[in-house]
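Colleague: got a predicted model here, sequence first, then my questions.
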Amino acid sequence: MNAMTRRPSSILPDSLPPVGISREQAAAYIGVSATLFDRLIAEGLMPDARILRGRLVWDVVEVAAAFRAIPHRSEPADSLDGKGQGANPWG
């Protein structure tokens, strides 16, 4: 397979990670299934995709930021209610 037919993520050198990723990659990035990732988007805990000519692409930095905004299990569940430091910008 030549460089023109390979997927973009396989063309990049390891030293240059992608900025945009697919739904499946975004889900794997935070360690969940694509179905759970969809639910997290619907609940406002994960960012929605950007649309590039009909293709859905997630921003890696936004996904990481949203994941880090989710409280640890030892933290109160209401820390995502928008009133404290744990407020999630995607909700």
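Modeller: Okay, I see it.
Colleague: skipping its backbone neighbours, what lies nearest residue 30 in space?
Modeller: Once its chain neighbours are removed from consideration, residue 30 has its nearest residue in residue 67; the separation is 4.7 Å (C-beta to C-beta, 6 or more residues apart in numbering). The way it works is simple: take the backbone N, C-alpha and C, and place the C-beta from them, glycine included.
Colleague: helix, strand, or coil at the one you found?
Modeller: The three-state label given to residue 67 by DSSP: H, G, I helix; E, B strand; the rest coil is helix.
Colleague: what about residue 27, neighbour count?
Modeller: Counted by other C-beta atoms under 10 Å, the residues lying close to residue 27 total 21.
Colleague: repeat that for residue 26.
Modeller: Other residues within reach of residue 26 by the criterion other C-beta under 10 Å amount to 28.
Colleague: wait, what's in contact with it?
Modeller: If you count contacts by C-beta atoms under 8 Å, 6 or more residues apart in numbering, residue 26 has them with 37, 46, 58, 60, 63.
Colleague: wait, the fourth one touches residue 22, no?
Modeller: No - taking C-beta atoms under 8 Å as the definition, residue 60 is not a contact partner of residue 22, at 11.1 Å.
Colleague: so where is this structure shaky, pLDDT-wise?
Modeller: Along the chain, segments meeting pLDDT under 70 span 1-9, 77-91.
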